[in-house]
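>>> Build the 3D model from these lines:
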Amino acid sequence: MAIQQSRIIDYRVAIDVDDENLFRFFEQYEDEAAFGAHAESEHFERFEAELPELLGGEPEVTRFEVESATDVEL
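Residues are numbered from 1 along each chain as shown. Down below sits the predicted model:
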């Protein structure tokens, strides 16, 4: 039986339109295992350790769990 690896589907950074010092990270993972693997990765742990020196305050983190999504016709 082959082992299926979890993965990151999308990862983006955006600057807030009203505050150029506010960055938003949007991350989409295939599943909880993919999120956990990312959180335990060496590069994330290094980023997390250096983050307090880069911020002007406490980070605000919001987690959204989406059960399904559909395309919108414009």
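
>>> which sections of this protein are below the confidence cut-off?
1-6 (pLDDT under 70).

>>> in the protein, which residue is closest to the centre?
The chain has residue 27 as the residue nearest its centroid, 3.1 Å off, counting by Cα atoms, centre = their mean.

>>> got the residue ranges for the helices in the protein?
With DSSP state H as the criterion, the chain has helices at 32-39, 42-54.

>>> Now do the buried residues in the shortest one.
Right, the one you point to is helix 32-39. 34, 35, 37, 38 (16 or more other Cβ atoms under 10 Å). Glycine gets a C-beta too; all of them are placed from N, C-alpha and C.

>>> which residues sit in contact with the second one?
Contact analysis of residue 35 by Cβ atoms under 8 Å, 6 or more residues apart in numbering lists 27, 29.

>>> picking up where we left off before, next, format the buried residues of helix 32-39 as a markdown table and append distance to residue 23.
Output for these, formatted as a markdown table (distance: Cβ to Cβ, whole Å):
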| residue | distance to residue 23 |
| --- | --- |
| 34 | 22 |
| 35 | 20 |
| 37 | 23 |
| 38 | 18 |
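
>>> Identify the farthest-apart pair in those residues.
Farthest pair in these (Cβ to Cβ) is 35 and 37. Separation: 7.4 Å.

>>> Of the helices of the chain, which is nearest residue 16?
Closest among those, using Cβ to Cβ: helix 42-54, at 15.9 Å.
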